[in-house]
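K.L.:
have a look; sequence and predicted model below, questions after that.
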Amino acid sequence: MEHSNALENQIIRFSGVTKRFGRVYALRDVSFGIRKNDFVFITGPSGAGKSTLIKLLYMGERMSEGYAIIDGMNLARISRRQIPELRRKIGVIFQDFKLIGSLTVFQNVALVMEAAGFKSRSMIKERVEDLLELVGLAHHADAYPPTLSGGEKQRAAVARAMVGKPKIILADEPTASLDPAASERVLQLLRAAHARGATIVITTHDRELLSRFDARVIYLENGRRVEAPDCDRGAEMQEPEARDDGEMA
């Protein structure tokens, strides 16, 4: 019974996931489980496969082998028509922001709700205004992304990721190009989303950032999941993980 409950409490489960681009392996035989409302870092050197893993989670890429379950949806089996349903469960913060330069900050954030099927203009307006207030961009609602600083763009990206109240927020190196003050503001926003119940998955190669959080850490190296380096063993929480057969270790 405890084993069954542990599986049911996992909102993300990878089992033997491999991703190839031609003959090049980006990920190879990666397995892990992430529980609902976990706060997890995925780390490793450049080229370890961190960004590829994030793309697999939101179906930006399809895996080559293995399977992944995201909030009950098997990514190895879902059809193209089901991808929008999956993405409504997920908010993504991209390393390069991916804001649309020809739309205002307000429009960039509102677009997510419109794409998710929200019809009420007043509801969209209220939700977006609330989020822009939360991230400190209410005074930039009518600004266009090219006029914003890097920190402001990333906060707009955080608002966009949070606006649909997703169960999972994926952040790919969200502080990589930011100064310390802007980085801290973004991390505070992610902690706030976590406090409201979201599962947070952050990729980073910033060891100082990892040392500041009492959070679980998953290590990648050359596309494989590896044990924590000796200097980081205290940072990795000992939790059950998925085996290749989808069972728990």
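P.N.:
That came through fine.
K.L.:
what about the helices in this structure?
P.N.:
Taking DSSP state H as the criterion, the chain carries its helices at 2-8, 50-57, 83-88, 105-115, 121-134, 150-162, 180-195, 207-211.
K.L.:
which of the ones you listed comes out lowest on mean pLDDT?
P.N.:
Ranked on mean pLDDT, the bottom entry among the helices of the chain is helix 2-8, at a mean of 58.
K.L.:
how about residues contacting stretch 182-201?
P.N.:
11-12, 34-40, 42, 54, 57, 91, 134-136, 149-151, 154-155, 158, 162, 166-171, 174-175, 178, 202, 209 (Cβ atoms under 8 Å, 6 or more residues apart in numbering). In short, each C-beta sits where N, CA and C put it, glycine included.
K.L.:
from the chain's centre, how far out does that stretch sit?
P.N.:
Here stretch 182-201 is found 11 Å from its chain centre; the criterion is Cα atoms, centre = their mean, to the nearest Å.
K.L.:
again, but for stretch 88-104
P.N.:
Remark: stretch 88-104 is offset 12 Å from the chain centroid, using Cα atoms, centre = their mean.
K.L.:
how about stretch 50-70?
P.N.:
With Cα atoms, centre = their mean, you get 12 Å for stretch 50-70.
K.L.:
going forward, count from 16.
P.N.:
Sure, I'll start numbering at 16, so the last one becomes stretch 65-85.
K.L.:
what comes up buried for it?
P.N.:
65-74, 76, 78, 81-85 (16 or more other Cβ atoms under 10 Å).
K.L.:
before we move on, what about stretch 123-130?
P.N.:
For stretch 123-130, the neighbour count (16+ other Cβ under 10 Å) marks 123-128 as buried.
K.L.:
show me what that stretch is in contact with.
P.N.:
Stretch 123-130 has contacts (Cβ under 8 Å, 6+ apart) with 99, 106, 114-115, 118, 138-140, 142-143, 146-147, 160, 171, 174-175, 178-179.
K.L.:
can you select the buried ones among those residues for me in ChimeraX?
P.N.:
Buried members of the contacts of stretch 123-130, defined by 16+ other Cβ under 10 Å, are picked up in ChimeraX with:
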select :106,114,139,142,143,146,147,160,171,174,175,178,179
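K.L.:
ok so, going back, nearest to Glu242, of the buried residues of stretch 123-130?
P.N.:
Val127 (37.6 Å; Cβ to Cβ).
K.L.:
what sits closest to Glu80 if chain neighbours are left out?
P.N.:
Thr33 (4.0 Å; Cβ to Cβ, 6 or more residues apart in numbering).
K.L.:
so that neighbour sits against Ser46, correct?
P.N.:
No - here Thr33 does not reach Ser46: they are 10.6 Å apart, not a contact under Cβ atoms under 8 Å.
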